[in-house]
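> Show me how the following folds:
(one chain, ligands or ions: 1)
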Amino acid sequence: MNAQSIIKGKIHYVGVNDRTKHLFEALWPLPYGVSYNSYLIDDDDTVVLIDTVDICYFEVYLRKIKNIIGERPIQYLVINHMEPDHSGSIRLIKQHYPNIVIVGNKQTFGMIEGFYGVTGERYMVNDGDYLALQHHKLRFFLTPMVHWPETMMTFDEAEGVLFSGDAFGCFGTLDGGFLDARINTERHHWDEMERYYSNIVGKYGSPVQKALQKLSTLPVKAICSTHGPIWTGDNIPKVIGIYDRLSRYDTEPGVVIAYGSMYGNTEQMAETIAAEISAQGVRNVVMHNVSKSHSSYILADIFRYRGLIVGSPTYNGQLFPEVEALLSKVMSRDIKNRYFGYFGSFCWASAAVKRLCEFAEKSKFEVVGNPIEMKQSMSELTYVQCEELGRDMATRILG
Ligand code: FEO
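Purely as a prediction, here's the structure:
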């Protein structure tokens, strides 16, 4: 028995830390790494494993499991989510524990077979079904599209522990402890929760709202997500509040200015607009050069603030490529309720502003101020137009 792994009663943490991978999903930077959390319930004669870990960490994972249960068998493997950062070790777990019964819903088993060729005994659950152990009673809640269609959550009614899958998770490894009370979560976990949400789950605001509604009456005493710290005490309403706010696309007063600029001319437009917004009294002005800031950080700021202003040079008769990539990511997340302003530039044939206008129409954002188009470099008129756009956006934000 390893006392260090205990979360509560007979629930243990058996997750692992990844400080090697640079990009989560081969897309999103991991400056503080990421944890893949798995949990083990050692309930007298019955052992239950909740989710697994990335296959790269199987050896250390298995060692953690055996430190707790020795050579005893595991009866059940509950699969809350099938993305391979959590399901990656299913096949190897099945090889080590051939009689294990996999618990999932209708959507889960096809994915297990498809990804891993694993079949065998299974326990298929519907929304609200339960699995009663000696002491623990696991109730299953289907929460589709938080983050994939098969996602579900498992609530241990005996201890009030919610195994929530990706929900309420964040980037950042668990250095030393895994309980929020034993680590300094202020260092980066909260910011990384917002970046995690906006990048990974951000498209699914409406399913997240449905899941929050479904879970709202549960007496939750601990949230065990598949990434990041275990949340307890006052942090439970805090993390639920963050998910509620982000999934409603609710915002704080502030403006993100995201721009591309090859030689600094378009950047001068951004600087002039930003200075005027600030002069009008908006304190949260966040500027991102899209060639330098990774889009994951820009998206997190766009999720946070009400105003968005985008600027782009014309490049090969199109938007600047990094601006185009950012706008595609914004569109694919169904972000709502933003004030939107835009500006652009060209050298000999204009295109960027026309493309930004098309984006504005598609996004259904509320357009603020007049679009500005600059030829080659700033003129007296461009300064005036940029200040006007800044003023209009500030008025709307402070409105
Ligand atoms: Fe952490 Fe959707 O997997």
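
> can you pull out the helices in the stretch 101-250 of the chain?
Under the criterion DSSP state H, counting those that start in this stretch, the stretch 101-250 of the chain contains helices at 106-116, 189-196, 205-215, 235-247.

> Which one, of those helices, ends up nearest to His294?
helix 189-196 (9.7 Å; C-beta to C-beta). Quick note: C-beta positions are derived from backbone N, CA and C, even for glycine.

> would TSV of the helices of the stretch 101-250 of the chain with mean neighbour count, mean pLDDT and distance to Thr226 be doable?
Output for these, formatted as TSV (neighbours: other C-beta atoms under 10 Å; pLDDT from 0 to 100; distance: least, C-beta to C-beta, whole Å):
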stretch	mean neighbour count	mean pLDDT	distance to Thr226
helix 106-116	16	97	15
helix 189-196	22	98	11
helix 205-215	17	97	14
helix 235-247	18	97	14
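
> Correct me if wrong: Phe303 contacts Tyr196.
No: at 10.9 Å, Phe303 does not count as touching Tyr196 under the criterion of C-beta atoms under 8 Å.

> give me phi/psi at whichever residue of the chain sits closest to the ligand?
The chain approaches the ligand most closely through Glu83 (3.4 Å), counting by C-beta to the nearest ligand atom. Per-residue torsions, Glu83: phi -60, psi 140 (degrees, to the nearest 10).

> Am I right that it is in contact with His147?
Yes: using C-beta under 8 Å, Glu83 makes contact with His147 at a distance of 6.9 Å.

> any common contacting residues for the two?
Common neighbours of Glu83 and His147, counting by C-beta atoms under 8 Å, 6 or more residues apart in numbering, are Asp166.

> Same drill for those two, tell me which one is more crowded.
His147 (23 against 19; other C-beta atoms under 10 Å).

> so who does that one touch?
His147 neighbours (C-beta under 8 Å, 6+ apart): His81, Glu83, Gly165, Asp166, Ala167, Ile200, Val201, Tyr204.

> ditto for Asp129
Counting by C-beta under 8 Å, 6+ apart, Asp129 makes contact with Arg139, Phe140.

> Close to the ligand: what parts of this protein are there?
Contact residues, the chain versus the ligand (C-beta under 6 Å from any ligand atom): His81, Glu83, Asp85, His86, His147, Asp166, Thr226, His227.

> Which residues in the helix or strand Met393 falls within does the neighbour count mark as buried?
Using DSSP states H and E, the element containing Met393 is helix 380-398. By 16 or more other C-beta atoms under 10 Å, the buried positions in helix 380-398 come out as Thr382, Gln385, Cys386, Glu387, Leu389, Gly390, Arg391, Asp392, Met393, Ala394, Arg396, Ile397.

> And Gly172, how close does it get to Ile112?
Here the distance between Gly172 and Ile112 works out to 29 Å (C-beta to C-beta, to the nearest Å).

> Tell me how far stretch 102-118 lies from the chain's centre.
On the basis of C-alpha atoms, centre = their mean, to the nearest Å, stretch 102-118 is displaced by 24 Å from the centre of the chain it belongs to.

> And the contacts of stretch 313-320?
Contacts with stretch 313-320, where a contact means C-beta under 8 Å, 6+ apart, come from 260-262, 265-266, 290, 312, 321, 324, 327, 344-347, 349-352, 355-356.

> starting at the chain centroid, how far to that stretch?
The chain centroid and the centroid of stretch 313-320 are separated by 30 Å, computed with C-alpha atoms, centre = their mean.

> How about stretch 34-47?
Per C-alpha atoms, centre = their mean, the centroid offset for stretch 34-47 relative to its chain is 24 Å.

> Just the C-alpha atoms of stretch 370-377, please, in PDB.
In PDB, the C-alpha atoms belonging to stretch 370-377 read as follows (Å, rounded to 0.1, in the frame of the first residue of the first chain):
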ATOM      1  CA  ASN A 370     -15.200  51.500 -39.800                       C
ATOM      2  CA  PRO A 371     -12.800  49.100 -41.300                       C
ATOM      3  CA  ILE A 372      -9.500  50.800 -42.200                       C
ATOM      4  CA  GLU A 373      -7.400  50.100 -45.300                       C
ATOM      5  CA  MET A 374      -3.900  51.500 -45.600                       C
ATOM      6  CA  LYS A 375      -1.700  51.600 -48.700                       C
ATOM      7  CA  GLN A 376       2.000  51.000 -48.000                       C
ATOM      8  CA  SER A 377       2.400  53.100 -44.800                       C
END
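
> can you list the residues that contact that stretch?
Residues outside stretch 370-377 that contact it (C-beta under 8 Å, 6+ apart): 265-266, 268-269, 341-347, 350, 352-353, 356-357, 382, 385-386, 388-389, 392.

> try 6 Å
Applying C-beta atoms under 6 Å, 6 or more residues apart in numbering, the external contacts of stretch 370-377 come out as Asn265, Tyr342, Phe343, Gly344, Ser345, Cys347, Val353, Thr382, Gln385.

> do stretch 249-266 as well
By C-beta under 6 Å, 6+ apart, stretch 249-266 touches 205, 267, 270, 274, 277, 284-288, 290, 298, 301-302, 304-313, 320, 322-323, 335-337, 345, 377, 393, 397.

> ok, back up a step: how about TSV for the helices of the stretch 101-250 of the chain, with distance to Trp28 added?
Shown next, in TSV, are these (distance: least, C-beta to C-beta, whole Å):
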stretch	distance to Trp28
helix 106-116	21
helix 189-196	8
helix 205-215	18
helix 235-247	16
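
> hang on, isn't His135 packed against Asp43?
Yes: counting by C-beta atoms under 6 Å, Asp43 is a contact partner of His135 at 5.4 Å.

> okay, those two: which has more neighbours?
More neighbours surround Asp43 than the other of His135 and Asp43, with 22 against 14 (other C-beta under 10 Å).
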